[in-house]
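give me a 3D structure for the following:
(one chain, ligands or ions: 1)
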Amino acid sequence: MTYFEKLFWVSFPYIMLTMFVVGHIYRYNTDQFGWSAKSSEFLEKKQLKWGSILFHYGIIFVFFGHVAGILVPKAVYDLLGVTDHMYHMGAVWIGGLAGIATIIGVLLLMVRRFTVKRIFINSTFRDILVLILLTLIIVSGFVNTVWYTGRGVAFEYRETISPWFRGILALNPMPELMIGIPLGFKIHVVSAFLIFGLWPFTRLVHVWSLPLEYLNRKFVVYKAIYSRRILMMQSNRLKK
Ligand code: HEM
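Residues are numbered from 1 along each chain as shown. Reported below is the predicted structural model:
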């Protein structure tokens with residue numbers, strides 16, 4: 001194994017994961033007022049609506065697809081009687097549809113950021129970098145799904161990328177599993193780890209501020225401060 005292979009499949013992921021953890025602690029302690037999605041809805045609404053809805057719904061499905069394909073070992077599917085064909089059909093159709101929604105969403109968001117002047121001049125370098133990286137990750141993931149998984153080409157990432165990823169999390173790196181994987185998957189995984197490292201320093205921190213308490217909170221009852229009768233009494237008084 002070459003020095004570069006070790007760098008890519010052992011050192012780099014751990015550097016990025018360390019930046020992810022330490023960066024979040026640092027940002028939380030130093031910049032709580034800046035911890036936000038930096039919504040630009042007040043600058044432009046129409047394009048944001050479709051871009052954001054498609055991207056967010058798509059990415060939620062993509063996330064659960066990754067849990068199913070990367071974190072759950074293939075042995076579990078074998079034990080449950082889920083054949084490779086059944087698994088790949090699910091990955092291509094459910095993952096593919098989620099991928100299409102996410103791609104359309106992220107492209108709409110990208111076009112909006114570059115073509116709406118008031119959005120562009122209010123964007124930082126980091127906002128644009130995040131969007132470009134997201135596009136690269138999503139497009140490369142989708143191309144891999146269509147090109148390899150969809151065409152039934154014999155590349156089983158559940159025996160290479162998935163155990164490698166779980167090994168990284170379990171502090172048991174197995175870089176040899178990543179040698180010889182197709183280039184598209186290499187680009188996808190490296191750019192995904194890059195975004196993990198940059199995550200705490202970008203607007204992506206808003207992901208951890210999902211207002212889940214809203215699902216369970218008590219209703220807020222809004223009442224008009226003045227009743228119609230009081231308003232009429234006041235206007236009568238004014239007339240006198
Ligand atoms: C290091 C972390 C990641 C690994 C190991 C990984 C691995 C993979 C693999 C193996 C596939 C092919 C799935 C299939 O064909 O069945 C895939 C697809 C895909 N990935 Fe990732 N991925 C990672 C992170 C991400 C991130 C952060 C995003 C989004 C921002 C993402 C978005 C996608 C998309 C859109 C697809 C297309 C298929 C689908 O819609 O699920 N991935 N990824």
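
and the residue nearest the centre of the protein?
Among the residues of the chain, the one closest to the centroid is residue 59, at 5.6 Å (C-alpha atoms, centre = their mean).

any idea how far that residue lies from residue 191?
Using C-beta to C-beta, to the nearest Å, residue 59 is found at 15 Å from residue 191. Heads up, the C-betas are built off the backbone N, CA and C, glycines and all.

what sits against the residue nearest to the centre of the chain?
Contacts for residue 59 (C-beta atoms under 8 Å, 6 or more residues apart in numbering) come out as 98, 102, 105.

mind putting the residues you listed into TSV with pLDDT and distance to the ligand?
Formatted as TSV, the contacts of residue 59 follow (pLDDT from 0 to 100; distance: C-beta to the nearest ligand atom, whole Å):
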residue	pLDDT	distance to the ligand
98	96	4
102	98	5
105	97	10
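
could you list which of the residues you listed belong to helices?
98, 102, 105 (DSSP state H).

export these as JSON lines, with columns for neighbour count.
JSON lines is the format used below for the ones in helices among the contacts of residue 59 (neighbours: other C-beta atoms under 10 Å):
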{"residue": "98", "neighbour count": "21"}
{"residue": "102", "neighbour count": "26"}
{"residue": "105", "neighbour count": "22"}
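
spatially, what comes nearest to the single nearest residue of the chain relative to the ligand if we skip its sequence neighbours?
Nearest to the ligand in the chain, going by C-beta to the nearest ligand atom, is residue 141, at a distance of 2.4 Å. Counting by C-beta to C-beta, 6 or more residues apart in numbering, residue 141 lies nearest to residue 188, which is 5.1 Å off, once chain neighbours are set aside.

report the contact partners of that neighbour.
Applying C-beta under 8 Å, 6+ apart, the residues near residue 188 are 137, 140, 141, 144.

how about the residues of this structure near the ligand?
62, 65-66, 69-70, 91, 95, 98-99, 102, 134, 137-138, 141-142, 144-145, 149, 157, 161, 165, 188-189, 192-193 (C-beta under 6 Å from any ligand atom).

mind redoing it with 5 Å?
62, 65, 91, 95, 98-99, 137-138, 141-142, 144-145, 149, 157, 161, 165, 189, 192 (C-beta under 5 Å from any ligand atom).

the host helix or strand of residue 17 - contacts with which helices or strands?
Residue 17 is part of helix 12-30, with elements assigned from DSSP states H and E. Under the contact criterion of 3 or more C-beta pairs under 8 Å, 6 or more residues apart in numbering; DSSP states H and E, helix 12-30 touches helix 161-169, helix 183-198.
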